[in-house]
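K.L.:
Starting from these lines, generate the structure:
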Amino acid sequence: MYEPVRISRIEEGEALFIVAEGKYSLAEVQTTISEALKASKCIRDCCLHMDIRRSEAVFSSDELRSFAKFVASLQVPITKRAAWVVSADLRFGLARMLSAFAEDEGLELGVFRDTVASRKWLGAKEAS
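P.N.:
Numbers count the residues shown, from 1 in each chain. Here you go, the predicted structure:
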């Protein structure tokens, strides 16, 4: 069975790694993040890392603004830092728009083309 949004996270619980592929809604991503954080071992300073390099989803600016508010308002032990990894120019532009909305919400969101740079920026270890 194909699941467009899948989760992996490092054992130490220092970061939550979400991989979103294909076509999906931001509501699916929000549900995935919420459920993953409930099951996570994050005690404090948990970083969010989104990999959307295989995403086919396109969102409006209103959807991205709403999603930025969701991520910034999470009532869990997440730092106010997140990283998005993208490949296509369209996704890069959308992620930069999300980053601007997130900044308005007090969340620092970096946009990267590769996971090495994004993990270094977050200070996260390799995902298992």
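K.L.:
and the residue nearest the centre of the chain, what are its phi and psi?
P.N.:
Centroid-nearest residue in the chain, with CA atoms, centre = their mean: residue 50, separated by 3.2 Å. Reported as degrees, to the nearest 10, the phi and psi values for residue 50 are phi -110, psi 130.
K.L.:
Got the confidence number for it?
P.N.:
pLDDT recorded at residue 50 is 90.
K.L.:
The one 4 residues further on now?
P.N.:
Per-residue confidence (pLDDT) for residue 54: 88.
K.L.:
Could you shift the numbering so residue one becomes 9, and keep it that way?
P.N.:
That works, and once the first residue is 9, the last one we named lands at residue 62.
K.L.:
What about it, how many residues nearby?
P.N.:
13 (other CB atoms under 10 Å). To be clear about C-beta, it is placed using only N, CA and C from the backbone, and glycine gets the same treatment.
K.L.:
after the lengthiest helix in the chain, next one along is what?
P.N.:
Ranked by number of residues, the top helix in the chain under DSSP state H is helix 97-112. Toward the C-terminus, helix 97-112 is succeeded by strand 116-120 as the next helix or strand (DSSP states H and E).
K.L.:
what's the weakest-modelled helix or strand in this protein?
P.N.:
One helix or strand of the chain scores below all others by mean pLDDT, DSSP states H and E: strand 13-17, with a mean of 64.
K.L.:
all strands of the chain, in order?
P.N.:
13-17, 23-28, 54-59, 86-93, 116-120 (DSSP state E).
K.L.:
CA atoms of the fourth one as CSV?
P.N.:
To tie it back to what came earlier, the one meant is strand 86-93. Presented in CSV, the C-alpha positions along strand 86-93 are these (Å, rounded to 0.1, in the frame of the first residue of the first chain):
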residue,chain,number,x,y,z
ILE,A,86,10.0,21.4,19.3
THR,A,87,12.6,24.1,19.0
LYS,A,88,11.7,27.1,16.9
ARG,A,89,13.8,25.7,14.1
ALA,A,90,12.9,23.5,11.1
ALA,A,91,14.4,22.5,7.8
TRP,A,92,12.9,21.7,4.4
VAL,A,93,14.8,19.8,1.8
